[in-house]
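Undergrad: Below: sequence and its predicted model.
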Amino acid sequence: LEINLVPVFHSVEEFGGVLLVLQDVSAIRRLERMRSEFVANVSHELKTPIAAVKGFAETLLGGAVNDPEVAKSFLQIIYDESERLNRLIGDILELSKVESRRVPLQFSPVELSSFTAKTVELLSAQAASKGITIETDVENDLYLEADEDRLRQIVMNLLANGINYTPEGGKVTMKVEAVSLGKPAPVPDGVESDYDHVRIWITDTGIGIPKKDLPRIFERFYRVDKARSRSSGGTGLGLSIVKHLVDLHKGSITVESTVGVGSTFMIELPVIQQ
Ligand code: ADP
């Protein structure tokens, strides 16, 4: 609690008394703490690839450059770590934008079966390289008011995680279904629809997430297995970005998972924004 005394004047000469201001600053303090934790996390995350780039460059300069084989493998590491830095910085900027709600969303009607087909197509090479099949199950003519690019970003993140955390030969499924939770909404062309929400389910047959980690996976930089996330190019920021983007669409996201069996992420979005 912060206590301030503020003098009050009715006019330049007339002193009216003292105003006692009691302000609960715990929320402000909490925000400050979160911000400084974030800065500490970011610095730590950035230091690791920078240390690798610097270390391998030093070793090259120290003479390793004369052995072409060694030089090549060190240069590859330097290249990979620079790429990682790029991804990290991109994700950090993106997260800070969505966190502060500095993203002007462009809402328009999105037809979900062609949206799904297009989105899955973008990940087909990545899935094929691991022998993973992506299946879809979407009714025709389901509409949703959304920022199409942002919605794609949400779904691609979840599908990419499904692919990353599923062993070779597995399966990732995207299912879309319309639900009615209350008052049916008009669909974007003005006709009344019998659904007011859309649920998107993304299921994989992957490694799963332990129960104790489930509540934390939407936190920034939280990973169940750091080495595994790193080797698949992860930054630990994807799900926090997804969570914020879903919030910006007034939706919610939930997850269920069984270790060794797979995970299911479910996004529920209102059909109409307002
Ligand atoms: P990352 O870049 O590490 O994938 P995310 O924010 O996307 O970061 O996810 C956070 C963590 O949640 C991951 O490191 C991983 O441990 C876990 N995770 C996310 N999606 C899945 C999934 N489909 N299957 C298993 N674990 C997952």
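TA: That came through fine.
Undergrad: Every contact and neighbour count from this point should use C-alpha atoms.
TA: OK.
Undergrad: Quick check, pLDDT for the closest residue to residue 162 other than its chain neighbours.
TA: Spatial nearest neighbour of residue 162, excluding adjacent residues (CA to CA, 6 or more residues apart in numbering): residue 204 at 5.4 Å. On the pLDDT scale, residue 204 is placed at 98.
Undergrad: same deal with residue 69?
TA: pLDDT recorded at residue 69 is 95.
Undergrad: Let me know the distance separating it from residue 49.
TA: Separation of residue 69 from residue 49 (CA to CA, to the nearest Å): 22 Å.
Undergrad: Could you point out which residue ranges in the stretch 151-274 of the chain have low pLDDT?
TA: Along the stretch 151-274 of the chain, segments meeting pLDDT under 70 span 185-192.
Undergrad: could I have stretch 168-187 exported to PDB, CA atoms only?
TA: C-alpha atoms of stretch 168-187 as PDB (Å, rounded to 0.1, in the frame of the first residue of the first chain):
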ATOM      1  CA  GLU A 168       8.700 -40.400 -37.100                       C
ATOM      2  CA  GLY A 169       5.600 -42.100 -38.600                       C
ATOM      3  CA  GLY A 170       3.100 -40.400 -36.300                       C
ATOM      4  CA  LYS A 171       0.000 -38.500 -37.000                       C
ATOM      5  CA  VAL A 172      -1.200 -34.900 -36.500                       C
ATOM      6  CA  THR A 173      -4.900 -34.200 -36.800                       C
ATOM      7  CA  MET A 174      -6.800 -30.900 -37.200                       C
ATOM      8  CA  LYS A 175     -10.500 -31.000 -36.500                       C
ATOM      9  CA  VAL A 176     -12.800 -28.100 -36.700                       C
ATOM     10  CA  GLU A 177     -16.300 -28.100 -35.300                       C
ATOM     11  CA  ALA A 178     -19.100 -25.600 -34.700                       C
ATOM     12  CA  VAL A 179     -20.700 -25.400 -31.300                       C
ATOM     13  CA  SER A 180     -23.600 -23.500 -29.800                       C
ATOM     14  CA  LEU A 181     -22.900 -22.300 -26.300                       C
ATOM     15  CA  GLY A 182     -25.600 -19.600 -26.000                       C
ATOM     16  CA  LYS A 183     -27.200 -17.200 -28.400                       C
ATOM     17  CA  PRO A 184     -26.600 -18.100 -32.000                       C
ATOM     18  CA  ALA A 185     -24.800 -15.400 -33.900                       C
ATOM     19  CA  PRO A 186     -25.400 -14.000 -37.400                       C
ATOM     20  CA  VAL A 187     -22.800 -15.300 -39.800                       C
END
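Undergrad: could you list every residue that touches residue 1?
TA: Taking CA atoms under 8 Å, 6 or more residues apart in numbering, we find residue 1 in contact with 22-26.
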